[in-house]
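**Student:** next one to model:
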Amino acid sequence: MNWEQYEHEHQQRLENARAHAATLDLDEIDVAHWDLMRFDTIWPYYERLRRESPVYHHENSIVGPYWSVTSYDLVKAVDTDPVRFSSEPSIGLFTPPEEDSANSFIAMDDPKHAEHRKVVAPVAGPRNLAALAPTIRERVVGILDSLPVGEPFNWVQRVSIELTTQMLATLFDFPFEERYKLTRWSDVATSPRKAGLWNTLEERQAELDECLETMTRLRDERIDNPDGHDLLTMLAQSESTRHMNSRQFLGTMLLLIIGGNDTTRNSISGGVVAMNRWPDQFDKLKADRSRIGNAVAEIIRWQTPLAFMRRTTTEDVEIGGKVIPEGERVLMWYASGNRDESVFENADLLDIERENARQHLSFGYGVHRCMGNRVAELQLNILWEELLDRYSRIEVVGAPVRAISNFVRGYTELPVRLHA
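**Tutor:** The predicted structure follows:
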């Protein structure tokens, strides 16, 4: 299937989804069903919830009961209220066993969250970003110079995964020749069984145990290294993190790996998809490179690499005209908030001149705002600068294949052809 055929079928699927969403009772809508994300048909269902019930209790979901928050303002309200909407015991759909609870700092509340975050925050600080920029550009140039021009290849594998994996290896000072383990651990941790990366929970746990063993060994080697500035050294040498138990350490490793992988990787792929859907936006970018920074923000808004984050109510909370009881799962749908027409005009379209593109929800808000957002933006900015130097067109020549997930909005395949 070529791109034109794919786009025709995609638009038809969207029309069918729009008609279907309009006929359902609200209690039949389940925006946590991964097929809606997999086939990119979730938008009419979000739209209906935003319009009729932006805070809604889904009793009959495939993943069990949960509350959806789908409008921009209410998502932001939940994200900036960490007292009543707790990150513990999990920011994912499923609650881990008691002994694993709060096993990474994103699933902690303050003050523990602040203590752990403070340790690794310098890696994304201004000084370190300035030091990272030449390395990022070197890696980008090396990757792009290795690509075939005029021949189809999988953009996800050759560019999106390669760049993010190389940068993860740099941030962890991970053995470069083994860097693909980082991507593998990220994918195993975030993918459901249906995605085919693992068959049993025992298989999945074995791979995550390998991550724990490898990272523990590397961390322990760096406890007394005075010259290290990587994430593992920072964790090893801080009093607040060096004594984490194994489950907390694994959780923190997976958080940092996933955070450094999914946002950048899927925005790289999503940007190419969007620029093919609206080629006039690519032409605008070529005509005026000062738009790259805003274009990157708009791509991250439009793609929204992580669809939601979960919170758990610590008391009965009235919000959006509903009362959410204490102890309930609440999903903040960043993907829906980023398409809220009351905030983003023509929200389904990519517009690199959008004046409020930087107000997107993709990095979250409040105390849990993504720590690595500047690193992700820096990689994307440099990539688009180098792409525009080399290619007149990045042509999608086949159907994108999306990840099977209700959490990660990503791609596993994107066939492209480069035009010099």
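**Student:** how close does Thr135 get to Glu413?
**Tutor:** From Thr135 across to Glu413, the span is 28 Å (CB to CB, to the nearest Å). C-beta here means a position set from N, CA and C on the backbone, and glycine is covered the same way.
**Student:** compare those two (neighbour count), which wins?
**Tutor:** Between Thr135 and Glu413, counting by other CB atoms under 10 Å, Glu413 is the more crowded of the two (15 against 12).
**Student:** got the contact list for that one?
**Tutor:** Asn154, Val156, Gln157, Gly398, Pro400, Val401 (CB atoms under 8 Å, 6 or more residues apart in numbering).
**Student:** give me the neighbour count for the fifth one.
**Tutor:** A total of 22 residues lie near Pro400 under the criterion other CB under 10 Å.
**Student:** ok, the contacts of Glu413 vs Gly142, which is closest?
**Tutor:** Gln157 (15.6 Å; CB to CB).
**Student:** which pLDDT does the model give the closest one?
**Tutor:** At Gln157, the pLDDT value in this model is 94.
**Student:** that one: what's its closest spatial neighbour, skipping adjacent residues?
**Tutor:** Glu413 (7.9 Å; CB to CB, 6 or more residues apart in numbering).
**Student:** how near is that neighbour to Val156?
**Tutor:** 6 Å.
**Student:** same thing with Leu93?
**Tutor:** Distance from Leu93 to Val156, by CB to CB: 25 Å.
**Student:** buried residues in the helix or strand where Ile136 lies, which are they?
**Tutor:** Element membership for Ile136 (DSSP states H and E) is helix 126-145. For helix 126-145, a neighbour-count test (16 or more other CB atoms under 10 Å) marks Asn128, Leu132, Ile136, Arg137, Arg139, Val140, Ile143, Leu144 as buried.
**Student:** quick one: name whatever helix or strand follows that helix.
**Tutor:** Counting by DSSP H and E, the element that comes right after helix 126-145 along the chain is strand 153-154.
**Student:** what sits up against that next one?
**Tutor:** Leu147, Glu413, Leu414, Pro415, Val416, Arg417.
**Student:** let me see the backbone angles for Gly327.
**Tutor:** phi 80, psi 10 (degrees, to the nearest 10).
**Student:** just confirm it contacts Thr312, I think it does.
**Tutor:** Yes. Assessed by CB atoms under 8 Å, Gly327 is found in contact with Thr312 at 6.6 Å.
**Student:** out of these two, which sits in the busier spot?
**Tutor:** Set side by side, Gly327 and Thr312 show more neighbours around Thr312, with 18 against 11, by other CB under 10 Å.
**Student:** beta partners of Glu413?
**Tutor:** Note on Glu413: beta-bridge partners by DSSP bridges are Val401.
**Student:** quick check: the gap between it and Thr80.
**Tutor:** From Glu413 to Thr80 the distance is 37 Å (CB to CB).
**Student:** what's the answer for Tyr334, then?
**Tutor:** 14 Å.
**Student:** so for the helix of greatest length in the chain, what's the average pLDDT?
**Tutor:** Ranked by residue count, the top helix of the chain under DSSP state H comes out as helix 246-277. If you average the pLDDT over helix 246-277, you get 86.
**Student:** from the middle of its chain, how far away would that helix be?
**Tutor:** 5 Å (CA atoms, centre = their mean, to the nearest Å).
**Student:** buried set for it?
**Tutor:** Result for helix 246-277 [16+ other CB under 10 Å]: buried residues 247-276.
**Student:** ranges for the helices of the stretch 51-200 of the chain?
**Tutor:** Taking DSSP state H, counting those that start in this stretch as the test, the helices found in the stretch 51-200 of the chain are 72-79, 112-120, 126-145, 155, 162-172, 180-190.
**Student:** now these as a markdown table including distance to Cys211?
**Tutor:** Below are these laid out as a markdown table (distance: least, CB to CB, whole Å):
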| stretch | distance to Cys211 |
| --- | --- |
| helix 72-79 | 28 |
| helix 112-120 | 17 |
| helix 126-145 | 23 |
| helix 155 | 26 |
| helix 162-172 | 11 |
| helix 180-190 | 4 |
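**Student:** of those helices, which shows the lowest average pLDDT?
**Tutor:** That would be helix 112-120, which, of all the helices of the stretch 51-200 of the chain, carries the lowest mean pLDDT at a mean of 61.
**Student:** helices of the stretch 201-350 of the chain, start to end?
**Tutor:** So, for the stretch 201-350 of the chain - with DSSP H, counting those that start in this stretch - the helices run 201-221, 231-237, 246-277, 279-287, 292-303, 334-337.
**Student:** out of those helices, flag the one nearest Glu177.
**Tutor:** helix 201-221 (13.3 Å).
**Student:** helices or strands next to that closest one in the packing?
**Tutor:** helix 180-190, helix 231-237, helix 246-277 (3 or more CB pairs under 8 Å, 6 or more residues apart in numbering; DSSP states H and E).
**Student:** give me the angle between it and helix 162-172.
**Tutor:** 50 degrees (axes from the mean of the first three to the mean of the last three CA atoms, to 10 degrees).
**Student:** rounded mean pLDDT for helix 201-221, please.
**Tutor:** Here the average pLDDT along helix 201-221 is 89.
**Student:** in it, what's buried?
**Tutor:** Within helix 201-221, the residues that count as buried by 16+ other CB under 10 Å are Arg204, Glu207, Leu208, Cys211, Leu212, Thr214, Met215, Thr216, Leu218, Arg219.
**Student:** distance from the chain centre to it, please.
**Tutor:** Helix 201-221 has its C-alpha centroid displaced from the chain centroid by 22 Å (CA atoms, centre = their mean).
**Student:** beta partners of Leu306?
**Tutor:** Using DSSP bridges, the bridge partners assigned to Leu306 are Val408.
**Student:** right, and Asp316 touches Pro325 too?
**Tutor:** Yes. The pair Asp316 and Pro325 passes the contact test of CB under 8 Å, sitting 5.5 Å apart.
**Student:** overlap in contacts, the two.
**Tutor:** With CB under 8 Å, 6+ apart, Asp316 and Pro325 have no common neighbours.
**Student:** below-threshold pLDDT in the protein: ranges please.
**Tutor:** 94-125, 128, 228, 240, 368 (pLDDT under 70).
**Student:** now the contacts of strand 153-154: which count as buried?
**Tutor:** By 16+ other CB under 10 Å, these give Leu147, Leu414, Pro415, Val416, Arg417 as buried.
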